[in-house]
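Visitor: Fold the following for me, if possible:
(one chain, ligands or ions: 1)
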Amino acid sequence: MSAIQVQGLLPLNGRIQIQGSKNGVLPLMAAALLGRGVTVLRRVPRISDVRIMADILRYLGCRVSLEKDCVTIDASALCRNQIPRTYAGKMRSSCLLLGPLLARLGEAVIAYPGGCVIGKRPIDFHIHALERLGAGFKEQNGWITAKAAAKSGRLFGTWIVFPYPSVGATENALLASVLAEGTTILLNCAMEPEIEELCRFLIKMGARIRGAGGPELVIEGKEQLEACEFDLRGDRICGGTYLAAAMTAGGDVTVSGVRPGDLREPLKAMRRMGARIQADEEKQEIRLVMEKRPEPVRLETGPYPMFPTDLQSILLAAACTANGKSRIREAVFEARFEAAKEMRQFGAGIMIEKDTVFAEGRYPLRPAVVKAPDLRGGAALVLAALAAEGESRIADSGYIKRGYEDICRDLRMLGADVREIGPGDETAAEGKRYR
Ligand code: UD1
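Guide: Reported below is the predicted structural model:
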């Protein structure tokens, strides 16, 4: 496994263009199964999750090409409805294919999905929504089979109330209902910007959807959708990560190509921590200046528009350098504190009580050798290392590539000393494991 080596205590300065959205592109690639013709997606992030999704679509019979930041998908030869464990185990978003496969072929079989190990992450809301749309489910030996009950093989419109505004379940229900017979009403939907983006994409394909961006969606099913071309929005989590990096390291950083409105709560929290922030919605730019140690923060994650769970460990890294004690409550996923446990090794005082982490900041942090537990947690550890006096190493950095094109390149562009090292490239950080 590769690792990232960081020489800390260099301030960050400069401007960085943010990649297209990871959480946006995966549902759009799943949606491409629904269209006749060739789908073209632009500003696609070059990350490993996109390559895995492309492999799955190819396995299903689609023609997929990835070139620079453009993906083309031709789903006309879709011939399989089964996603084996080799693919499903690599990426949880593979369960987003249940809805479109059911809608197109009337049947879908998927090995129980994998992905980052965060909490229990069940898919019962997805299953319940698809059942309401007329699918029957069977679960056996780790396989889930879904089959449209109607003889026609088509799903039919209904109303669905989500018990919780789940991002994935809302996406799956949308992807299935756009081809269902009649009208579907979805209530208590997730309102993340990526859902609004999926609605806009489906509407461009010819779907009839009302209420995009809100908690209630009304979908008039169509028999056929047409492929289209689409430009993705910037990745709000990636933008938030580099802004938080400037908070741990100090400096003056501008992220461009990301909508400040998508980051309202994180920007509020960063301001409370003492960052000076200028946000320009029209130019899609955010500038953050941090000239002192961060102030401690209190926050709680939640469904959009609340503070995103994906930035919880990222902001915790900044809190570990703060001048006092922060309190962060994780209210979306249980057990999303693996990164917090690793951060102890940088010398920050971390205490975890049920769903809340308390962090007593320290500056500078101590260098450490740690392990990335998951995608965002791995990025958070890189951020903590930016504030450590000396050389740190983050092992298992492959996780980070699931969501960031090249975190080392990006942070280096801002002036950090960060590089990827392969197995066997052992240097000074070896052995510095603090407890
Ligand atoms: C979640 C995040 C999303 C983030 C993504 C990757 C929220 C609301 N969702 O989306 O912002 O980008 O992870 O980190 O912040 N749940 C069930 N049964 C289900 C589905 C979900 O109990 O069938 C629970 C989950 O365990 C979790 C909550 O609902 O506690 C939210 O899950 P959901 O939004 O579906 O997760 P993702 O789609 O993975």
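Visitor: all contacts plus neighbour counts: C-alpha atoms, from now on.
Guide: OK.
Visitor: Check which helices and strands the host helix or strand of residue 6 is in contact with.
Guide: Following DSSP states H and E, one finds residue 6 within strand 3-7. Helices and strands touching strand 3-7, by 3 or more CA pairs under 8 Å, 6 or more residues apart in numbering; DSSP states H and E, are helix 375-386, strand 391-395, strand 417-421.
Visitor: highest average neighbour count across the ones you listed?
Guide: Burial of the helices and strands packed on strand 3-7 is given as mean neighbour count (mean count of other CA atoms under 10 Å); helix 375-386 ranks first at a mean of 29.
Visitor: Quick check: mean pLDDT of that one?
Guide: Averaged over helix 375-386, pLDDT sits at 98.
Visitor: Any stretches of the stretch 201-350 of the chain with poor pLDDT?
Guide: Across the stretch 201-350 of the chain, no stretch falls below the confidence threshold (pLDDT under 70).
Visitor: tell me which parts of it are close to the ligand?
Guide: When proximity is defined as CA under 6 Å from any ligand atom, the stretch 201-350 of the chain approaches the ligand at 302, 303, 308, 309, 310, 332, 333.
Visitor: Just the buried residues out of those residues, in PyMOL syntax.
Guide: Per 16 or more other CA atoms under 10 Å, the buried members of these correspond to this PyMOL selection:
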select buried, resi 302+303+308+309+310+332
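Visitor: Give me the subset of the residues of the stretch 201-350 of the chain next to the ligand lying in strands.
Guide: Using DSSP state E, no member of these falls in strands.
Visitor: Looking at the residues of the stretch 201-350 of the chain next to the ligand, which one is closest to residue 41?
Guide: Nearest to residue 41, judged by CA to CA, of these is residue 310 at 23.8 Å.
Visitor: ranges for the strands of the stretch 201-350 of the chain?
Guide: Per DSSP state E, counting those that start in this stretch, the stretch 201-350 of the chain carries strands over the ranges 208-210, 217-220, 225-226, 229-231, 251-256, 276-280, 285-290, 298-300, 325-329, 349-353.
Visitor: closest to residue 40 out of those strands?
Guide: Proximity to residue 40 (CA to CA) singles out strand 229-231 among the strands of the stretch 201-350 of the chain, at 4.5 Å.
Visitor: Quickly run through the sheet partners of the closest one, with directions.
Guide: For strand 229-231, the paired strands and their directions (DSSP bridges) are strand 38-42 (parallel).
Visitor: Okay, and residue 370 sits in which element?
Guide: If you go by DSSP H and E, residue 370 is part of strand 369-371.
Visitor: mean confidence for that strand?
Guide: Strand 369-371 carries an average pLDDT of 98.
Visitor: With distance to the ligand as extra columns, can I get the helices and strands packed on strand 3-7 in a markdown table?
Guide: Listed next are the helices and strands packed on strand 3-7 as a markdown table, based on distance: least, CA to the nearest ligand atom, whole Å:
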| stretch | distance to the ligand |
| --- | --- |
| helix 375-386 | 8 |
| strand 391-395 | 20 |
| strand 417-421 | 24 |
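Visitor: unless I'm mixing things up, residue 291 is touching residue 249, no?
Guide: No. In this structure, residue 291 is not within contact of residue 249 by CA atoms under 8 Å, at 9.6 Å.
Visitor: So what's the residue count around residue 232?
Guide: When neighbours are defined as other CA atoms under 10 Å, residue 232 has 21 of them.
Visitor: Could you number the chain from 52 rather than 1 from now on?
Guide: Sure thing, new numbering starts at 52, so read that last one as residue 283.
Visitor: Identify the residues contacting it.
Guide: 71, 72, 75, 76, 92, 93, 94, 95 (CA atoms under 8 Å, 6 or more residues apart in numbering).
Visitor: Equivalent analysis for residue 73, please.
Guide: 95, 96, 98, 100, 101, 286, 454.
Visitor: Now which of those would you call buried?
Guide: Buried members of those, scored by 16+ other CA under 10 Å, are 95, 96, 98, 100, 101, 286, 454.
Visitor: got a winner among the contacts of residue 283 for most neighbours?
Guide: Neighbour counts for these (other CA under 10 Å) peak at residue 76, which has 27 neighbours.
Visitor: what's the distance between residue 331 and residue 312?
Guide: Using CA to CA, to the nearest Å, we find residue 331 at a distance of 9 Å from residue 312.
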